[in-house]
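Trainee: prediction below, plus the sequence it came from.
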Amino acid sequence: MMKNATLRQLKVFEAVARNLSYTRAAEELYLTQPTVSIQLKQLADIVGQPLLEQIGKRVYLTDTGSELLKVCRDIFDGLSRFEMLVSDMQGVKAGNLSLAIISTAKYFVPRLLGLFCQRYPGIDVSLKVTNRERVLQRIADNQDDLYVLGQPPEHMDIELQPFLENPLVVLAARTHPLAAKRNIPPQRLVEEAFLMREPGSGTRLATEQFFSERGLTLKVRMELGSNEAIKQAVAGGLGIAVLSAHTLALERSIDDLAILDVDGFPIRRHWYLAHPKNKQLSVVAQAFLEFLHVESKLLGEKYLQGITGFPAKDRELKKIHPHI
């Protein structure tokens with residue numbers, strides 16, 4: 001019976017069963033929702049019993065579906081171990097590398113991946129860029145080889161390795177009255193309207209923690225889903241924001257933005273490479289990990305070379321862009 005099921009059908013089923021959502025599974029697999037539904041119907045016909053049931057807008061696994069999900073995970077774990085074995089036998093001349101990163105890391109990870117693929121042209125790379133909540137869920141589901149995070153999660157059994165400085169800076173419009181000030185006390189910022197990422201964002205968590213530790217509460221004027229939208233809103237005078245300095249590294253036109261000289265800033269943080277504890281990394285993942293530690297230092301020197309406009313006490317934070 002199950003010998004007639006295809007690996008594609010099992011992958012589609014596993015994605016829907018894990019997300020309990022046809023829409024999320026379709027997005028994850030880069031398929032249309034009708035394609036997902038067709039694949040699941042064909043699989044259910046092969047099994048001879050329903051695998052999922054929908055009540056209202058919610059999707060539930062049937063008992064048969066729950067058992068099949070366990071089988072799928074065993075199959076995919078076995079295939080992953082086989083791929084790891086093949087990669088080990090081939091060295092790092094060939095293989096696959098799957099990465100999931102938070103959206104802010106997209107400003108530098110693709111560039112590092114480009115260098116890595118130039119060095120190892122036989123390696124196929126899969127890169128998933130999403131928000132922090134989704135990355136943490138992918139870690140819990142062990143969906144990828146490695147993950148890049150800016151804010152270490154609590155209560156997760158994972159290995160974390162810092163590899164690149166990730167300073168957070170306060171941005172305002174170039175014409176903002178505070179742009180010309182020096183040694184601005186954090187208390188002054190609570191008078192300003194703040195533009196924030198969505199709840200759960202690592203940058204937002206670090207920002208709220210910074211002000212909370214000082215007994216201060218921010219006035220959040222607007223929540224925006226991307227760093228680009230926040231930068232445009234800041235430039236438009238809608239408020240100020242705290243963002244990773246890396247979001248400015250590749251800018252070509254940021255004359256409308258200013259980095260404020262606020263006491264306690266930049267907030268010193270790091271980017272982290274993560275994977276579940278006791279996970280056996282493939283030779284390809286190990287090669288990327290070692291590559292990252294070397295190349296990220298060079299990247300840091302290039303992008304974080306002294307920020308013009310910071311006071312002397314912060315000269316060690318390197319310049320990101322000549323226009324700032």
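Mentor: On my side now, so go ahead.
Trainee: CA atoms for contacts and neighbours, from now on please.
Mentor: Fine.
Trainee: how about T247, nearest residue that isn't a chain neighbour?
Mentor: The spatially closest residue to T247, leaving aside those adjacent along the chain, is Y107, at 6.2 Å (Cα to Cα, 6 or more residues apart in numbering).
Trainee: got the end-to-end distance for stretch 256-270?
Mentor: With Cα to Cα, to the nearest Å as the measure, stretch 256-270 spans 27 Å from end to end.
Trainee: could you do stretch 236-247 as well?
Mentor: 17 Å.
Trainee: which residues in the stretch 151-300 of the chain form helices?
Mentor: 186-189, 202-212, 227-235, 283-303 (DSSP state H, counting those that start in this stretch).
Trainee: format these as CSV; extra columns: mean pLDDT, distance to R119 and mean neighbour count.
Mentor: What follows is those, written out as CSV (pLDDT from 0 to 100; distance: least, Cα to Cα, whole Å; neighbours: other Cα atoms under 10 Å):
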stretch, mean pLDDT, distance to R119, mean neighbour count
helix 186-189, 94, 45, 15
helix 202-212, 91, 32, 17
helix 227-235, 90, 31, 19
helix 283-303, 75, 10, 17
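Trainee: wait, which of the ones you listed is closest to Q33?
Mentor: Q33 lies closest to helix 227-235 among the helices of the stretch 151-300 of the chain, at 28.5 Å (Cα to Cα).
Trainee: the closest one packs against which elements?
Mentor: The criterion is 3 or more Cα pairs under 8 Å, 6 or more residues apart in numbering; DSSP states H and E, and the helices and strands that helix 227-235 contacts are strand 168-173, strand 193-196, strand 241-244, strand 257-259.
Trainee: who touches the first one?
Mentor: Looking back up the chat, that one is strand 168-173. 178-179, 203, 234-237, 239-245, 256-262, 265-269 (Cα atoms under 8 Å, 6 or more residues apart in numbering).
Trainee: so how far is it from its chain's centroid?
Mentor: 21 Å (Cα atoms, centre = their mean, to the nearest Å).
Trainee: ok, stretch 99-112 next?
Mentor: 7 Å.
Trainee: buried sites along that stretch?
Mentor: The neighbour-count check on stretch 99-112 (16 or more other Cα atoms under 10 Å) flags L99, A100, I101, I102, S103, T104, A105, K106, F108, V109, L112 as buried.
Trainee: same list, those, but as JSON lines with distance to H293 and pLDDT please.
Mentor: Converted to JSON lines, those look like this (distance: Cα to Cα, whole Å; pLDDT from 0 to 100):
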{"residue": "L99", "distance to H293": "16", "pLDDT": "94"}
{"residue": "A100", "distance to H293": "17", "pLDDT": "95"}
{"residue": "I101", "distance to H293": "16", "pLDDT": "94"}
{"residue": "I102", "distance to H293": "18", "pLDDT": "90"}
{"residue": "S103", "distance to H293": "20", "pLDDT": "86"}
{"residue": "T104", "distance to H293": "19", "pLDDT": "83"}
{"residue": "A105", "distance to H293": "15", "pLDDT": "87"}
{"residue": "K106", "distance to H293": "17", "pLDDT": "86"}
{"residue": "F108", "distance to H293": "13", "pLDDT": "83"}
{"residue": "V109", "distance to H293": "12", "pLDDT": "88"}
{"residue": "L112", "distance to H293": "11", "pLDDT": "87"}
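Trainee: which of these fall within strands?
Mentor: Taking DSSP state E, the ones among these that sit in strands are L99, A100, I101, I102.
Trainee: tell me which residues touch the nearest residue to the third one once chain neighbours are set aside, please.
Mentor: Looking back up the chat, that one is I101. Spatial nearest neighbour of I101, chain neighbours left out: V148 (4.6 Å); criterion: Cα to Cα, 6+ apart. Applying Cα under 8 Å, 6+ apart to V148 gives the contacts L99, A100, I101, I102, A105, W271, Y272, L273, A274.
Trainee: you'd agree V148 is in a strand?
Mentor: Yes. Per DSSP: H, G, I helix; E, B strand; the rest coil, V148 lies within a strand segment.
Trainee: still on that earlier bit, and of the buried residues of stretch 99-112, the nearest to V125?
Mentor: Nearest to V125 among these, with distances taken as Cα to Cα, is L99, at 7.6 Å.
Trainee: hmm, I139 and that closest one touching each other?
Mentor: No. Between L99 and I139 there is no contact under Cα atoms under 8 Å: 10.5 Å.
Trainee: find residues that contact each of the two.
Mentor: Y147.
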